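Engineer: mind looking at a prediction? Sequence and model below.
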Amino acid sequence: MVNVCDQQLGTPCTKGEPLHVVAHLKENVVFNSPIMLDGLLAWVVAAQHRLLPPQSGEPPRRIEIPIQRDEKRDVYLCSQGFLAQEASEVRYKNRRAPWVEFARLGSSKIRRVNISLAENKSYRVPYELRLGRAIEWWCLGDAERILELLSYVHYLGKHRGSGEGALDIHGTPWTVEPCKSWGRGFPVVQSGKPMRPLPIEYPGLRAPRTRFGNVRPPYYDHSTEEMIACP
Amino acid sequence: MQLTRYEMIVRAKQPIAHAQETIGNQSVLMRKRVRLPGGVYVQVPHVTGDTGRNKIRTAAALGTLHEAELLSDPQLSEGALRLLFAGGMMTGKGDAAVINIDRYRELVALFPPLALFGGCTDNRPVPGQINVDDLNLICTEMQHLTPPWVLDWMDRNGEKLDSCRASVEEVQRVRMDPVLKPEMQKLLNDTARANVQARQLTAEAAHETADSKLKAESKSAMLPRTHERIVQGSLFWFGIEARTYTDIEFDAFSFAVACLLNNFRVGGKQGTGHGLLEFVAGARIAFTPGAGKLENVGSELAPKTGELYRAHGRARKDELKAWLTSAINS
């Protein structure tokens, strides 16, 4: 039996050209931190192998994606996602304890369900819905393989399960096109500013903003956060 | 890994009262901002994807319990019920009943909808594999976002597109105060009847003297209120997409969609003739990278929908019952 941990996941990038990647949105999108192209591609490879997302603190598997990597600093050469946000609105996520089902289907041992505390507490959490038409990235990678992996991605951002961040799947959900490099630093540094989370000592940066975060997927892992330069 | 998407047109057999908020005694329909070509934003009524997802989760759970012949005497444990109908809850409690990741995988094999909708193990949420879109009103404001096949269907069937405003109406309902009726007052005991009559006299006097404080104190419990609703007969389109890995998962997905369409109700006031939707037309799109193939879906999703899944449910019903009635910590 093959141990899944020994398998190589994905195929590394062997050729890279400057690319402009655009996701065409049909629905509005929700995110608290920028959507990362390397994270999306790694998710597709993980989903193809039916891997669960790693927990915070768990050593992540190396997943190869068709984007070039700065081997020295272990950073993928792609920018973060930029949304030309036209407006936003506050919406709410509601959760209601299934009290009707508790009454109808629950065991007779369930005498009392407290819906204002603990596991069955109901909630109404606000979130910001961002209104815009497209999210764009720049990267160095293999256009054909990037498009092949991205064709599995039809929703972006948070609350995808309930339809937020849907892409225009009846039209053109993704475009991946060769573009002109802006020169030194492409695609992660432009005019001394980082275009994605980068190590502070990354060459070409001039007085960037800093914060705690990750420079490679999984970006949500708090246990590996360090001081980074960010856009 | 297979991506499959069902898209459907559904008709409101009853008015839909899916409210966003209540202002005073008026409830306002759920609306979202939609960008029109040209950049103007408008508010369009819709039914949220959260509602659709909750309904399909409930439909899948009830359908499975029915197939496993557990509905007559379900006796579900609190944790199992929460996992089936609300996705569970991370408890962080470390007793033997906690669902660890291996146990979760066993449960997914036993009850495939758990993989589709996601759930919680003892220390992590497990994401689902299903995306449910908003139910979008088919109207001129949404025309540029409506799938081409839906617009074709509208054209072929002589259905006209109109503004979403034509699909919204406001109605008033009044909860009456029963003690205002003389025949009901006869049912009261002497003290209560005397109190009610005294209150009515006070209200009358307050009205004559225009004493607003006294009027407020003596007013009846009658409650007039208004609500917006989407008119009966309106058409919606929506999509449900799933990522499946096995035949049984795919069949469970189709089974869940069929269960949903069998009795599709959304929104409030369902006890008073609101919320019923009926399936009108549908399409199934099996995605291969870069291209989608669109097939028509009949009123029954497919002749053999759910056959594999139902057989699975019947074969493992004892295991399923043992699990659902055990003390699951979720």
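Structural biologist: Perfect, I can see it now.
Engineer: so A:G165 makes contact with A:H154?
Structural biologist: No. A:G165 is not in contact with A:H154 according to C-beta atoms under 8 Å; the separation is 9.1 Å. Backbone N, C-alpha and C define where each C-beta goes, glycine included.
Engineer: show me where pLDDT drops low in the stretch 1-150 of chain B?
Structural biologist: When residues are selected by pLDDT under 70, those of the stretch 1-150 of chain B lie in B:89-100, B:122-123.
Engineer: list the contacts for the closest residue to B:R316 other than its chain neighbours?
Structural biologist: With sequence-adjacent residues excluded and distances taken as C-beta to C-beta, 6 or more residues apart in numbering or on different chains, B:R316 is closest to B:L110, at 5.8 Å. With contact taken as C-beta atoms under 8 Å, 6 or more residues apart in numbering or on different chains, B:L110 is in contact with B:R316, B:E319, B:L320, B:W323.
Engineer: domains of the chain?
Structural biologist: Reading this off chain A. A:4-86+A:132-180, A:90-130 (automatic domain parsing).
Engineer: wait, chain B
Structural biologist: B:2-169+B:232-324, B:177-221.
Engineer: now do the same end-to-end measure for the first one.
Structural biologist: For domain B:2-169+B:232-324, the first-to-last residue distance is 29 Å (C-alpha to C-alpha, to the nearest Å).
Engineer: please identify the most buried of the domains of chain A.
Structural biologist: domain A:4-86+A:132-180 (a mean of 18; mean count of other C-beta atoms under 10 Å in any protein chain shown).
Engineer: ranges for the helices of chain B?
Structural biologist: Taking DSSP state H as the criterion, chain B carries its helices at B:49-67, B:78-86, B:101-110, B:113-117, B:148-156, B:182-185, B:190-209, B:212-217, B:247-262, B:307-315, B:317-324.
Engineer: let's have the ones you listed in a markdown table, adding distance to B:L29.
Structural biologist: Formatted as a markdown table, the helices of chain B follow (distance: least, C-beta to C-beta, whole Å):
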| stretch | distance to B:L29 |
| --- | --- |
| helix B:49-67 | 13 |
| helix B:78-86 | 25 |
| helix B:101-110 | 38 |
| helix B:113-117 | 27 |
| helix B:148-156 | 22 |
| helix B:182-185 | 35 |
| helix B:190-209 | 34 |
| helix B:212-217 | 31 |
| helix B:247-262 | 22 |
| helix B:307-315 | 36 |
| helix B:317-324 | 37 |
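Engineer: to A:I169, which of these lies closest?
Structural biologist: helix B:148-156 (11.5 Å; C-beta to C-beta).
Engineer: so who does the closest residue to chain A within the stretch 101-250 of chain B touch?
Structural biologist: At 4.0 Å from chain A, B:D133 is the closest residue in the stretch 101-250 of chain B, using C-beta to the nearest C-beta. Residues counted as contacts of B:D133 (C-beta under 8 Å, 6+ apart) are A:E27, A:G163, A:A166, B:G49, B:G52, B:F238, B:G239, B:I240, B:E241.
Engineer: how many other residues sit next to the nearest residue to B:L70 once chain neighbours are set aside?
Structural biologist: The shortest distance from B:L70 to any non-neighbouring residue, by C-beta to C-beta, 6+ apart, is to B:K321 (5.8 Å). Look at B:K321: counted by other C-beta atoms under 10 Å in any protein chain shown, it has 18 neighbours.
Engineer: SS state for A:P18?
Structural biologist: Here A:P18 is strand, with the state taken from DSSP: H, G, I helix; E, B strand; the rest coil.
Engineer: next, count neighbours for the closest residue to it other than its chain neighbours.
Structural biologist: Leaving aside its sequence neighbours, A:P18 sits nearest to A:S181 (C-beta to C-beta, 6+ apart; 4.3 Å). Neighbourhood size, A:S181 [other C-beta under 10 Å]: 14.
Engineer: got it, and A:G192?
Structural biologist: By the criterion of other C-beta under 10 Å, A:G192 has 12 neighbours.
Engineer: again with the one 3 residues further on
Structural biologist: Residues lying near A:M195 (other C-beta under 10 Å) number 22.
Engineer: tell me which residue of chain B is furthest from the middle?
Structural biologist: B:T209 (49.9 Å; C-alpha atoms, centre = their mean).
Engineer: mind checking pLDDT for that one?
Structural biologist: Note on B:T209: pLDDT of 91.
Engineer: about what we covered before: from the contacts of B:D133, which is closest to B:F264?
Structural biologist: B:G52 (9.1 Å).
Engineer: distance check, that closest one against chain A.
Structural biologist: According to C-beta to the nearest C-beta, to the nearest Å, B:G52 and chain A sit 7 Å apart.
Engineer: who are the contact partners of the nearest residue to that residue once chain neighbours are set aside?
Structural biologist: Spatial nearest neighbour of B:G52, chain neighbours left out: B:V132 (4.2 Å); criterion: C-beta to C-beta, 6+ apart. Neighbour list for B:V132: A:G161, A:S162, A:G163, B:G49, B:G52, B:R53, B:I56, B:F238, B:G239, B:I240 [criterion: C-beta under 8 Å, 6+ apart].
Engineer: CA atoms of stretch B:266-276 as PDB?
Structural biologist: Taking Å, rounded to 0.1, in the frame of the first residue of the first chain, the C-alpha atoms of stretch B:266-276 are listed here in PDB:
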ATOM      1  CA  VAL B 266     -38.300  28.600   1.600                       C
ATOM      2  CA  GLY B 267     -38.900  31.700   3.800                       C
ATOM      3  CA  GLY B 268     -41.300  32.600   6.500                       C
ATOM      4  CA  LYS B 269     -45.100  32.300   7.000                       C
ATOM      5  CA  GLN B 270     -45.100  28.800   5.600                       C
ATOM      6  CA  GLY B 271     -48.000  28.000   8.000                       C
ATOM      7  CA  THR B 272     -50.100  30.600   6.200                       C
ATOM      8  CA  GLY B 273     -49.600  29.700   2.600                       C
ATOM      9  CA  HIS B 274     -46.200  31.000   1.700                       C
ATOM     10  CA  GLY B 275     -42.900  29.500   0.500                       C
ATOM     11  CA  LEU B 276     -43.700  26.600  -1.800                       C
END
